[in-house]
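Student: Below are the sequence and a predicted model; questions follow.
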Amino acid sequence: MKKIITIIFLILLIGLEIYAKNVSDINKRKVEMNKNYFVKDTKVSEVINDPAFKGFGRLIFPVNTDYWSGEILKDIRLTWYSHINPDKTVEIVNNLKERVSVGETVFFDIYTEAEKKAEPRKKDTGLFFFKGKPNEKFAICNAGGGFSYVGAIHDSFPHALELSKKGYNAFILIYRPDPILACEDLARATAFVFEHAKELEIDTNAYSLWGGSAGARVVAMLGAYGTSKFGEKDYPKPSAVIIQYTGLSEHSPKEPPTFVCVGDNDYISNWKVMKSRVDNISKMGIDTEFHVYHNLGHGFGLGLGTEAEGWIDKAIKFWEKQMQMNNRWWSNSIIFLWEGTT
């Protein structure tokens with residue numbers, strides 16, 4: 001009996017040693033993995049030059065350095081923007097690196113080398129990609145920056161990341177900061193997604209365009225006038241445009257369903273001008289939704305920690321509503337065609 005107890009004790013002891021070693025190995029791997037992670041005190045230059053982002057790291061942050069500051073991630077400041085969240089910034093760059101580490105492609109050129117050589121400013125363009133569920137719908141997010149720079153790290157990367165968490169395939173366009181050239185870049189980006197939809201595993205039906213400030217003007221133009229107006233083939237228009245804080249007043253009967261949000265303390269984009277535009281679009285029978293947030297200024301992004309926090313969930317529901325309308329239209333069209341053949 002004593003012999004059996006001794007054997008059992010030895011087995012348990014060996015088991016505990018194996019367990020302790022496994023726990024130690026797991027913790028060691030976690031420590032090693034965390035060594036590669038960025039934190040709020042990480043230098044921006046380290047992110048840009050990280051091997052995972054070779055060839056495109058500089059485009060994560062504004063190319064024009066005259067409009068932003070901050071040597072480390074938590075100190076990033078962007079001209080005309082507010083409520084920049086360091087935790088979100090860190091989450092974005094870590095998420096990008098994690099995706100690269102598992103073999104995902106997170107950046108695509110939208111212009112050929114020949115096109116970039118002919119027009120050097122095209123070297124500062126491209127599409128970042130947060131992949132969602134296979135064969136799910138897509139969105140292209142466009143940051144603002146007064147057509148002087150592209151503030152994507154605050155005004156489009158966070159939006160795209162949240163969309164991908166919902167399962168949607170989300171792109172971030174880095175465009176040439178010029179009102180017309182930016183529209184051409186968005187038209188090319190849209191064409192790129194449509195042309196590579198199969199390999200990207202994307203559903204191109206009922207897509208959406210998102211934009212803040214200057215980027216909102218770009219998506220409004222593409223939404224109303226289409227890709228053919230800006231040098232590309234005539235691809236389907238978006239099922240919805242999501243617009244933040246831009247004082248655009250121009251509108252037409254060609255506008256897609258439009259969601260808008262802005263702060264009532266915005267010294268750049270007056271909320272009353274935006275409300276008037278939305279009302280005019282609505283009067284033409286186009287679906288709209290408008291939100292104004294009190295005591296909030298320009299460029300709040302996701303609005304984390306403010307009255308606007310959660311607006312993106314409302315915007316997603318608005319887009320999903322348009323998806324359902326689009327599906328209903330297709331169903332009715334199929335029924336009509338079927339009945340027409342009998």
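Tutor: On my side now, so go ahead.

Student: all contacts plus neighbour counts: C-alpha atoms, from now on.
Tutor: OK.

Student: for the longest strand belonging to the chain, packing partners?
Tutor: Assignment by DSSP state E gives strand 202-212 as the longest strand of the chain. With contacts taken as 3 or more CA pairs under 8 Å, 6 or more residues apart in numbering; DSSP states H and E, strand 202-212 sits against strand 136-142, helix 214-225, strand 240-244, helix 311-340.

Student: change it to 6 Å
Tutor: If contacts are counted by 3 or more CA pairs under 6 Å, 6 or more residues apart in numbering; DSSP states H and E, strand 202-212 sits against strand 136-142, strand 240-244.

Student: most tightly surrounded among those?
Tutor: Across the helices and strands packed on strand 202-212, averaging neighbours per residue (mean count of other CA atoms under 10 Å) puts strand 240-244 on top, at a mean of 28.

Student: Packing partners of that strand?
Tutor: Packed against strand 240-244 by the contact rule (3+ CA pairs under 6 Å, 6+ apart) you find strand 202-212, strand 258-263.

Student: want to throw those strands into a markdown table with mean neighbour count?
Tutor: Output for these, formatted as a markdown table (neighbours: other CA atoms under 10 Å):
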| stretch | mean neighbour count |
| --- | --- |
| strand 202-212 | 24 |
| strand 258-263 | 24 |
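
Student: So for Lys88, which of the ones you listed sits nearest?
Tutor: strand 202-212 (17.3 Å; CA to CA).

Student: Just want the angle from the closest one to strand 136-142.
Tutor: Comparing the axes of strand 202-212 and strand 136-142 via axes from the mean of the first three to the mean of the last three CA atoms, to 10 degrees yields an angle of 30 degrees.

Student: Now do strand 202-212: everything it contacts.
Tutor: Residues outside strand 202-212 that contact it (CA atoms under 6 Å, 6 or more residues apart in numbering): 135-144, 219, 238-244, 323.

Student: And for stretch 305-314?
Tutor: Applying CA under 6 Å, 6+ apart, the contact partners of stretch 305-314 are Tyr293, Gly303.

Student: pLDDT on that stretch, on average?
Tutor: Mean pLDDT, computed over stretch 305-314, is 98.

Student: How far away from the center of its chain is it?
Tutor: 16 Å (CA atoms, centre = their mean, to the nearest Å).

Student: Same question for that stretch: list its buried residues.
Tutor: For stretch 305-314, burial by neighbour count (16 or more other CA atoms under 10 Å) applies to Ala308, Trp311, Ile312.

Student: Can you tell me which of the residues you listed is nearest Leu181?
Tutor: Among the buried residues of stretch 305-314, Ile312 lies closest to Leu181 (CA to CA), at 27.4 Å.

Student: which residues touch Gly297?
Tutor: Going by CA under 6 Å, 6+ apart, Gly297 touches Gly263, Asn265, Asp266.

Student: 8 Å instead, please
Tutor: Residues near Gly297 by CA atoms under 8 Å, 6 or more residues apart in numbering: Ser82, Val262, Gly263, Asp264, Asn265, Asp266, Tyr267.

Student: quick one: which two of these are the most distant?
Tutor: The span of these, defined through CA to CA, is set by Ser82 and Asp264 at 14.0 Å.

Student: Settle it for me: which of those two has more neighbours?
Tutor: A count of neighbours by other CA atoms under 10 Å puts Asp264 above the other of Ser82 and Asp264, at 19 against 16.

Student: Quick check, that one in contact with His298.
Tutor: No - using CA atoms under 8 Å as the test, Asp264 is too far from His298 to be in contact (9.0 Å).
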